[in-house]
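**Student:** Below are the sequence and a predicted model for it; my questions follow.
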Amino acid sequence: MNIINITYKSLCRLTGALLFLGLLSGCAQNPVTGGQDFVMFSENKELEMGRTYHPQIIEQYGRYEDEALQRYVQDVGQRLAAVSHRDDLVYRFTVLDSPVINAFALPGGYIYITRGMMAYLNSEAELAAVLGHEIGHVTARHGVRQQSAAQAANLGYTLGAILLPGLRTAGAQDLFNVFGGALLSGYGREHELESDRLGAEYLARSGYPSEAMIEVIGVLKDQATFAEAEAKKQGQDYQGYHGLFASHPDNDTRLQEVVKAADKYKTTVREDEGTERYLQRIDGMVFGDSESQGIRSGRNFYHGEMQFALSFPQNWHIQNNPTSLRATAPQGAAIIEMGASDLNRKQTPAEFIRDRLNIKELKNGEPLSTNGLQGYTGLTVAEGKPVRVAVIYLREQAFIFIATTKSSGDFNKFDPAFRETVMSFHAMRQDEQQFAEAQRIEVVKVDSNDSYSGWAAKSRISNSPIQQLRLLNGDYPKGELKSGQLAKRVR
């Protein structure tokens, strides 16, 4: 106990000494509060960080190619930025071509929202709430403050270990990591609440209802509840929501308080929430998979660029990852994963499995001939469980299937479904090209014959289509369509 106390006090003295000596660049005025923040980056460096990382974000996610929608989001964002604490910055608002539900900001005024996020919003005010929250991160310099804290923690231990021998022990390093980690996680929690407060203020100043901030939190909580239910259906543990507002405080009272405090900034002219205006703007927007990543359509999958298609077992959950397809049976009882790899040598599918997959012993191996394509399949063992491996050649690529079960005793039960999936693989036919086109949001006026179950039956949405349609329209988990309302369906 005495060693820990001495180490902690020495650490505090060390940090003070470093600040005095100028080894840690000290404080800068917070643009929002006017107080002093500990930062290690000048404003010029902050702006440079945004310029540097912006092209990388675009390369990773892709920019959504709808210039009218991009201009609309830019206009809404600029309206908020004009009343922010850093109205001298040039803000860039970009819609990313990603189905992931998220929004984030880089230092210096680069702000992003995914089309996946926009699909589930239902008014311009909700869009403004998301953008206002991210503007708050920029105006309060959360990015550079967070990074400054991380660098200071690393620098503090490195120099401390040199100057204070007591910090060289493993126990002291663990203590330092806990101390620094708690500090940084605390920053994230407070930053989120501060961004809510700032976002609500910017909403009120620009004529939007500040309560839209709470509505957006509701949208995201519904998404988290849905994700937890989907994970349970797959027999998986829910890991928690890691997207927008991931570090938001659990105490809703504080959120209510900061939003209510924005009332004093309300303008004399109050606009409506812009529901119809927003829905008109996203009418026709791509929903779910992009054509470049291939399209899930019910139990089927179509890839227009790579020109292949296949079918998975009925009622399995299909996940379209950047480099693979994965289908999971209910309760996670079985899994099939498919990927593709370029062919470099003229070798048989059996040789490919042996040489490229490094599977030297394949039991019950047999050649495959399906839909005019050649392949090979057999059984191996991984972690004590039987695994079906299959490879099918299409043009200059090998398509690799790996399938197994949670319980070894269930393998024979699921193996026919594994083989059926492999044998369904084929070069895309002309009559299937339409299914490789992206699904899009369609905004319609509901009539008395419409229902979520009816819409779901006619949609191509994979994985719980009724609940996804409810989420799109703010009716999750049990709401129903109302005649005369504007609603989003997927076609």
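**Tutor:** Nice, I can see it.
**Student:** Next, the contact list for the residue nearest to residue 329 when sequence neighbours are not counted, please.
**Tutor:** Counting by C-beta to C-beta, 6 or more residues apart in numbering, residue 329 lies nearest to residue 316, which is 5.5 Å off, once chain neighbours are set aside. C-beta here means a position set from N, CA and C on the backbone, and glycine is covered the same way. Applying C-beta atoms under 8 Å, 6 or more residues apart in numbering, we find residue 316 in contact with 299, 327-330, 336.
**Student:** one more time with 10 Å
**Tutor:** Residues near residue 316 by C-beta atoms under 10 Å, 6 or more residues apart in numbering: 234, 299, 326-330, 333-336, 417, 421, 462-463.
**Student:** Same check on residue 47?
**Tutor:** 41, 89-90, 107-110 are the contacts of residue 47 under C-beta under 10 Å, 6+ apart.
**Student:** Next: residue 99.
**Tutor:** 114-117, 119, 286-290, 293, 320.
**Student:** looking at the chain, which helix or strand does the model trust least?
**Tutor:** Scoring the helices and strands of the chain by mean pLDDT, DSSP states H and E places helix 2-21 at the bottom, with a mean of 43.
**Student:** Report how many residues lie close to residue 437.
**Tutor:** Neighbour count for residue 437, taken as other C-beta atoms under 10 Å: 14.
**Student:** What's the local residue count around residue 77?
**Tutor:** If we define neighbours as other C-beta under 10 Å, then residue 77 has 24 of them.
**Student:** Looking at it now. What's its pLDDT?
**Tutor:** With respect to pLDDT, residue 77 has a value of 98.
**Student:** Where does the prediction get shaky in the stretch 101-250 of the chain?
**Tutor:** 142-189, 239-250 (pLDDT under 70).
**Student:** Going along the chain, name the helices of it.
**Tutor:** 115-120, 124-139, 142-163, 170-205, 212-233 (DSSP state H, counting those that start in this stretch).
**Student:** Weed out the non-buried ones from the contacts of residue 47.
**Tutor:** Neighbour-count burial (16 or more other C-beta atoms under 10 Å) applied to these gives 41, 89, 107-110.
**Student:** Distance-wise, check residue 76 relative to residue 47.
**Tutor:** 23 Å (C-beta to C-beta, to the nearest Å).
**Student:** next one: residue 345
**Tutor:** Plainly put, residue 345 is 50 Å away from residue 47 if you go by C-beta to C-beta.
**Student:** Could you do residue 111 as well?
**Tutor:** 14 Å.
**Student:** Looking at the contacts of residue 47, which are in strands?
**Tutor:** residue 110 (DSSP state E).
**Student:** Greatest separation within the contacts of residue 47: which pair is it?
**Tutor:** The span of these, defined through C-beta to C-beta, is set by 41 and 90 at 18.4 Å.
**Student:** hey, where'd the strands end up in the stretch 201-350 of the chain?
**Tutor:** 286-287, 295-297, 300-303, 308-311, 317-320, 325-328, 334-342 (DSSP state E, counting those that start in this stretch).
**Student:** from the chain's centre, how far out does the first one sit?
**Tutor:** Spelled out, it's strand 286-287. Put simply, strand 286-287 sits 15 Å off its chain's centre (C-alpha atoms, centre = their mean, to the nearest Å).
**Student:** And the average pLDDT for the helix or strand harbouring residue 453 is what?
**Tutor:** Assigning secondary structure by DSSP states H and E places residue 453 in helix 452-458. On average, the pLDDT along helix 452-458 is 96.
**Student:** Return the list of helices and strands in contact with that helix.
**Tutor:** helix 465-472, strand 486-490 (3 or more C-beta pairs under 10 Å, 6 or more residues apart in numbering; DSSP states H and E).
**Student:** Can you tell me which of the ones you listed is nearest to residue 266?
**Tutor:** Once the helices and strands packed on helix 452-458 are compared by C-beta to C-beta, strand 486-490 is nearest, at 26.6 Å.
**Student:** Identify the neighbouring strands of the closest one in the sheet and state each direction.
**Tutor:** Strand 486-490 pairs in its sheet with strand 439-445 (antiparallel), by DSSP bridges.
**Student:** orientation of the strand it pairs with relative to helix 465-472 in degrees?
**Tutor:** 70 degrees (axes from the mean of the first three to the mean of the last three C-alpha atoms, to 10 degrees).
**Student:** residues making contact with strand 439-445?
**Tutor:** With contacts defined as C-beta under 10 Å, 6+ apart, strand 439-445 is touched by 115, 118-119, 276, 278-289, 295-297, 450, 455, 459-462, 472, 481, 483-491.
**Student:** Can you flag the buried ones in these?
**Tutor:** Buried among the contacts of strand 439-445 (16+ other C-beta under 10 Å): 115, 118-119, 278-279, 281-282, 285-289, 295-297, 450, 455, 459-462, 472, 481, 486-490.
**Student:** And the residue nearest the centre of the chain?
**Tutor:** Centroid-nearest residue in the chain: residue 100, 4.1 Å away (criterion: C-alpha atoms, centre = their mean).
**Student:** Against residue 404, how distant is residue 119?
**Tutor:** Distance from residue 119 to residue 404, counting by C-beta to C-beta: 34 Å.
**Student:** In terms of helices and strands, where is residue 380?
**Tutor:** Element membership of residue 380, judged by DSSP H and E, is strand 373-382.
**Student:** Tell me which residues touch residue 215, please.
**Tutor:** 121-123, 125-126, 129, 209, 273, 474.
**Student:** top of these by neighbour count?
**Tutor:** Among those, residue 129 has the most neighbours (other C-beta under 10 Å), with 30 neighbours.
**Student:** what number of residues lie near the residue lying closest to that residue once chain neighbours are set aside?
**Tutor:** Distance criterion C-beta to C-beta, 6+ apart; nearest residue to residue 129, sequence neighbours excluded, is residue 212 at 4.1 Å. Residues lying near residue 212 (other C-beta under 10 Å) number 25.
**Student:** wait, isn't residue 212 in contact with residue 206?
**Tutor:** No. Taking contacts as C-beta atoms under 10 Å, residue 212 lies outside contact range of residue 206: 11.3 Å.
**Student:** overlap in contacts of these two?
**Tutor:** 128, 132.
**Student:** out of the contacts of residue 99, who's nearest residue 70?
**Tutor:** Nearest to residue 70 out of those is residue 115 (C-beta to C-beta; 10.7 Å).
**Student:** how about the buried ones among the contacts of residue 47 in a markdown table, adding distance to residue 267?
**Tutor:** Formatted as a markdown table, those follow (distance: C-beta to C-beta, whole Å):
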| residue | distance to residue 267 |
| --- | --- |
| 41 | 34 |
| 89 | 22 |
| 107 | 29 |
| 108 | 28 |
| 109 | 24 |
| 110 | 27 |
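**Student:** Look up how far residue 131 lies from the residue nearest to residue 129.
**Tutor:** Distance from residue 212 to residue 131, counting by C-beta to C-beta: 11 Å.
**Student:** Between these two, which contacts overlap?
**Tutor:** Common neighbours of residue 212 and residue 131, using C-beta under 10 Å, 6+ apart, are 199, 203.
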